[in-house]
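Q: I need the structure of the sequence given here:
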Amino acid sequence: DDHLVKTQTMRGSPFIKPFQERIADWEATLVSAQDIIDGWLKVQATWLYLEPIFSSPDIMAQMPTEGDLFVKVDRQFKRMMVHCQENPNVLAACGLPDLLSNINQCNEELEIILKGLNDYLEKKRLYFARFFFLSNDEMLEILSETKDPTRVQPHLKKCFEGIGRLVFTDKELDITTMISSEGEQVGLSSIISTAAARGQVEKWLLELEAVMRASVR
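A: So this is what the prediction gives:
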């Protein structure tokens, strides 16, 4: 920004005539570099958020379209980072052909992925309304490890005020008992099979809600 302001100041000088073409080229170079860096930082921030999410095989399986699109962006972003590592000089790094258009395309595709991710979480919340008590990050922590139902344990208190934790069987990970924050134990009127939900956490949580009510009556 400082270099750009100084360049624009020089361009307004009455003595600019002999250097006008050079100054115009330099200003265009700085503006292009600024646009590239701004776009690059946006790609990087979104990539850092999405990369651990789409590293989960469970999320990739549940969101195949967004997953494939993220793989494409991931490859492009890593190619740009390799170029940057090989060319640590800013102007040299920004000189990669079509760099700005590639960055803009990455940002557009990342926006599509983010929208798809939000729509996916919204569907889960509409199916199991108590998910509205959880943040996106908390939901993703649960949904990214659907093969391990115990990952729900840290978030139970937000979904169910009276449940501190659940008791799972060792092998099948069926739910047999609920325990309050005060340590009070209540056996469930019927055992809940988490395996029957086939990785859909919201299904066995919805069943838990119904069985919980039946068990305390």
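
Q: Spit out the contact partners of the residue positioned nearest the centre of the chain.
A: Centroid-nearest residue in the chain: L50, 3.3 Å away (criterion: Cα atoms, centre = their mean). Each residue near L50 by Cβ atoms under 8 Å, 6 or more residues apart in numbering is listed here: 70, 110, 113-114, 117. Backbone N, C-alpha and C define where each C-beta goes, glycine included.

Q: These into JSON lines, with extra columns for pLDDT, neighbour count and secondary structure?
A: Supplementary listing: the contacts of L50 in JSON lines, determined by pLDDT from 0 to 100; neighbours: other Cβ atoms under 10 Å; DSSP: H, G, I helix; E, B strand; the rest coil:
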{"residue": "F70", "pLDDT": "97", "neighbour count": "26", "secondary structure": "helix"}
{"residue": "L110", "pLDDT": "97", "neighbour count": "21", "secondary structure": "helix"}
{"residue": "I113", "pLDDT": "97", "neighbour count": "23", "secondary structure": "helix"}
{"residue": "L114", "pLDDT": "96", "neighbour count": "14", "secondary structure": "helix"}
{"residue": "L117", "pLDDT": "96", "neighbour count": "20", "secondary structure": "helix"}
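
Q: Same list as before, those that is, but in CSV and with distance to E141 included.
A: Listed next are the contacts of L50 as CSV, based on distance: Cβ to Cβ, whole Å:
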residue, distance to E141
F70, 18
L110, 21
I113, 18
L114, 18
L117, 14
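
Q: still on that earlier bit, measure the residue nearest to the centre of the chain to K42 for me?
A: Noted for L50: a distance of 13 Å to K42, by Cβ to Cβ, to the nearest Å.

Q: N107 now?
A: Separation of N107 from K42 (Cβ to Cβ): 6 Å.

Q: which residues in this structure form helices?
A: For the chain, helices defined by DSSP state H occupy the ranges 2-11, 20-54, 57-62, 64-86, 90-93, 99-127, 136-143, 156-159, 201-216.

Q: Least reliable of those by average pLDDT, please.
A: Mean pLDDT per stretch puts helix 2-11 lowest among these, at a mean of 67.

Q: what's C84 in contact with, if anything?
A: A93.

Q: Grab the nearest non-local neighbour of S215.
A: S189 (4.5 Å; Cβ to Cβ, 6 or more residues apart in numbering).

Q: Since that was my last question, I'll sign off now.
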